[in-house]
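Asks: Below are the sequence and a predicted model for it; my questions follow.
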Amino acid sequence: MTTYRTDILENEPLAPLTTFEVGGPARYLVRVESERDAAAALAFAAARGIDHMVLGGGSNVLISDEGFQGLVILNRIAGMEVAEEGDRVLARVGAGGDWQGFVDLCVARGWRGIECLAGIPGTVGASPIQNIGAYGQEAAQTIEQVRCLETATGKAVTFTNEDCAFRYRESVFNTVEAGNYLVTSVTFRLVKGGSPDVKYRELEQRLSGIPSPTLADVRDAVLSIRDGKGVLVRDGYESFRSAGSFFRNPVVTRTRFEAVEALVAGDGTPTNWAWPLPDGQVKVSAACLIQRAGFERGYRRGNVGISPHHTLILINRGGANARELVDFAAEVQQRVLDRFGVLLMPEARLIGFGSSLLAGLP
Ligand SMILES: Cc1cc2nc3c(=O)[nH]c(=O)nc-3n(C[C@H](O)[C@H](O)[C@H](O)COP(=O)(O)OP(=O)(O)OC[C@H]3O[C@@H](n4cnc5c(N)ncnc54)[C@H](O)[C@@H]3O)c2cc1C
């Protein structure tokens, strides 16, 4: 059996490792700094017949008050290797690297492709899991390869972009293969030079006074928009204890959309709340449905509530526990279902909850 060279901690609090700042302890926790460490951690869990889970920056999880009765593998695998060919750059980045730090590095070196994803908290290794996206870009557009360890065997496996089956907030890693792979590095394909490709209306408006925006202008404009919405987890910025958007924007059939539209129109039609997709379905703003179901920005319920800046962001107002948060989320979900017949799916990963409408979902 592989012996473990770093410390395995027992009954370690998880709340400080998450942006919601709630949740009970991990039975075991280990910090891994290399692929070898990660393989040894998986072997430790297998030898004891216990579950494991990978934690990056803890910005997309809601951990139950009971915590996690297995091994939490805290991914801190660092490092970067770069290969340049013409105007192309391939950057292979350790999964434990800080996402925002990587965006800043790309902007500083003039590498184009992820500047609109500035300000998303978390690690590089989590970027393919839910195919992070914002302001007109998605990780899927630049990810070349994802290197992983198969959790059952510890064997290294490389996924191409196509293998990852990226979709809106989805990949194989949070659907058909959820829990089966531990990401150890991600290779991004970036472009040297050229002008930034800005497609998102709010961002275009923010940049309209700048004749030829640079990558740094785009990054800064994104950060300033995010600051206005209270979604920057950075020193010196107002932030909230949250997991960002708690629910995904639902994708509904055209027929369901027409029914929802009629209900929404009854209250005065909002702008920019529905986006037709190439397959005929329609992506609808979850924030709009939540608001029309009676939950306004700044809504408070004891220690939990909704961000004063963004309806989709459920927050721990201070002193909340995970049960209060999940009960509130379930109520929001139920009210939207009752009013619009649309089931909101959580974007945040729920860990250690029993059966509930919310926990039954991925
Ligand atoms: C204020 C705020 C704003 C946000 N804005 C956005 C946004 O604009 N767009 C967006 O897409 N997301 C956003 N998010 C969500 C979150 O930041 C991203 O999903 C991020 O990629 C999560 O990274 P993490 O390292 O914190 O992952 P964690 O929360 O630690 O983990 C999330 C999931 O990924 C799994 N995981 C993490 N690392 C690995 C790994 N190496 N191998 C295998 N599985 C792994 C975990 O097991 C878990 O299931 C926001 C969150 C917050 C708090």
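Replies: Right, received. Where do you want to start?
Asks: Which residues of this protein lie near the ligand?
Replies: Counting by CB under 6 Å from any ligand atom, the chain comes close to the ligand at 19, 53-61, 75, 95, 120-123, 125-127, 129-130, 132-134, 182-183, 231, 233, 242-244, 349. Yep, even glycine has a C-beta here, placed from its N, CA and C like the rest.
Asks: Nearest the geometric middle of the protein, what residue?
Replies: Central residue of the chain (CA atoms, centre = their mean): N60, 5.0 Å from the mean position.
Asks: all helices in the stretch 51-200 of the chain, in order from the N-terminus.
Replies: 99-109, 161-164 (DSSP state H, counting those that start in this stretch).
Asks: Domain ranges for the chain, per the record?
Replies: 9-75, 80-228, 251-351 (automatic domain parsing).
Asks: Throw those domains into a markdown table and include mean pLDDT, thanks.
Replies: Below are the domains of the chain laid out as a markdown table (pLDDT from 0 to 100):
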| stretch | mean pLDDT |
| --- | --- |
| domain 9-75 | 97 |
| domain 80-228 | 96 |
| domain 251-351 | 93 |
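Asks: Quick check: which of those domains is buried the most?
Replies: domain 9-75 (a mean of 20; mean count of other CB atoms under 10 Å).
Asks: From one end of that one to the other, what's the distance?
Replies: Its start and end residues considered, domain 9-75 measures 14 Å (CA to CA, to the nearest Å).
Asks: what residues are up against the closest residue to S239 other than its chain neighbours?
Replies: Counting by CB to CB, 6 or more residues apart in numbering, V233 is the residue found nearest to S239 once chain neighbours are left out, at 5.0 Å. When contacts are counted by CB atoms under 8 Å, 6 or more residues apart in numbering, V233 touches T19, S59, P121, S239.
Asks: For those, work out which two are farthest apart.
Replies: S59 and S239 (10.9 Å; CB to CB).
Asks: May I ask you to name the longest strand in this structure?
Replies: Criterion DSSP state E: the longest strand present in the chain is strand 181-192.
Asks: Show me what the helix or strand just after it is packed against.
Replies: The C-terminal neighbour of strand 181-192 among helices and strands, as given by DSSP states H and E, is helix 201-207. In terms of contacts (3 or more CB pairs under 8 Å, 6 or more residues apart in numbering; DSSP states H and E), helix 201-207 is packed against helix 215-228.
Asks: how far is whichever helix or strand comes after the helix it packs on from where the chain is centred?
Replies: Downstream of helix 215-228, the first helix or strand assigned by DSSP H and E is strand 251-252. Strand 251-252 has its C-alpha centroid displaced from the chain centroid by 20 Å (CA atoms, centre = their mean, to the nearest Å).
Asks: Stretch 75-84 too?
Replies: Counting by CA atoms, centre = their mean, stretch 75-84 is centred 20 Å from the centre of its parent chain.
Asks: Go ahead and name everything in contact with that stretch.
Replies: With CB under 8 Å, 6+ apart as the test, stretch 75-84 has contacts from 31-35, 37-38, 54-56, 89-97, 102, 105, 123, 125, 182-185, 192.
Asks: Closest approach to the ligand from the stretch 201-350 of the chain, which residue is it?
Replies: G244 (2.5 Å; CB to the nearest ligand atom).
Asks: Need phi/psi at that residue.
Replies: In terms of degrees, to the nearest 10, the main-chain angles of G244 are phi 70, psi -140.
Asks: do A259 as well
Replies: For A259, the backbone dihedrals (degrees, to the nearest 10) come out as phi -70, psi -40.
Asks: ok, the closest residue to it other than its chain neighbours - contacts?
Replies: Nearest residue to A259, sequence neighbours excluded (CB to CB, 6+ apart): G341, at 6.7 Å. Contact analysis of G341 by CB under 8 Å, 6+ apart lists R256, A259, V260.
Asks: wait, L289 sits on L343?
Replies: No: at 10.6 Å, L289 does not count as touching L343 under the criterion of CB atoms under 8 Å.
Asks: quick one: common contacting residues for the two?
Replies: Shared contacts of L289 and L343, defined by CB under 8 Å, 6+ apart, comprise P250, V336.
Asks: residues touching I351, list them.
Replies: I351 sits next to G23, M53, V61, L62, I63, S64, F68 when contact means CB under 8 Å, 6+ apart.
Asks: Now stretch 290-305 - C-alpha only, PDB.
Replies: Only the C-alpha atoms of stretch 290-305 are listed here, as PDB (Å, rounded to 0.1, in the frame of the first residue of the first chain):
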ATOM      1  CA  ILE A 290     -37.200  34.000  -8.400                       C
ATOM      2  CA  GLN A 291     -38.000  37.700  -8.200                       C
ATOM      3  CA  ARG A 292     -41.400  37.100  -9.800                       C
ATOM      4  CA  ALA A 293     -42.000  34.300  -7.300                       C
ATOM      5  CA  GLY A 294     -41.800  36.900  -4.600                       C
ATOM      6  CA  PHE A 295     -38.100  37.000  -3.500                       C
ATOM      7  CA  GLU A 296     -36.600  40.400  -4.000                       C
ATOM      8  CA  ARG A 297     -32.900  41.400  -3.800                       C
ATOM      9  CA  GLY A 298     -32.100  42.000  -0.100                       C
ATOM     10  CA  TYR A 299     -34.800  39.600   1.100                       C
ATOM     11  CA  ARG A 300     -34.000  38.400   4.600                       C
ATOM     12  CA  ARG A 301     -35.000  35.300   6.500                       C
ATOM     13  CA  GLY A 302     -33.200  35.000   9.800                       C
ATOM     14  CA  ASN A 303     -29.500  34.400   9.100                       C
ATOM     15  CA  VAL A 304     -30.000  33.800   5.400                       C
ATOM     16  CA  GLY A 305     -31.400  35.700   2.500                       C
END
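Asks: Could you list the residues in contact with that stretch?
Replies: 247, 263-264, 267, 306-312, 314-321, 324-325, 328, 332, 335-336, 338-340, 344.
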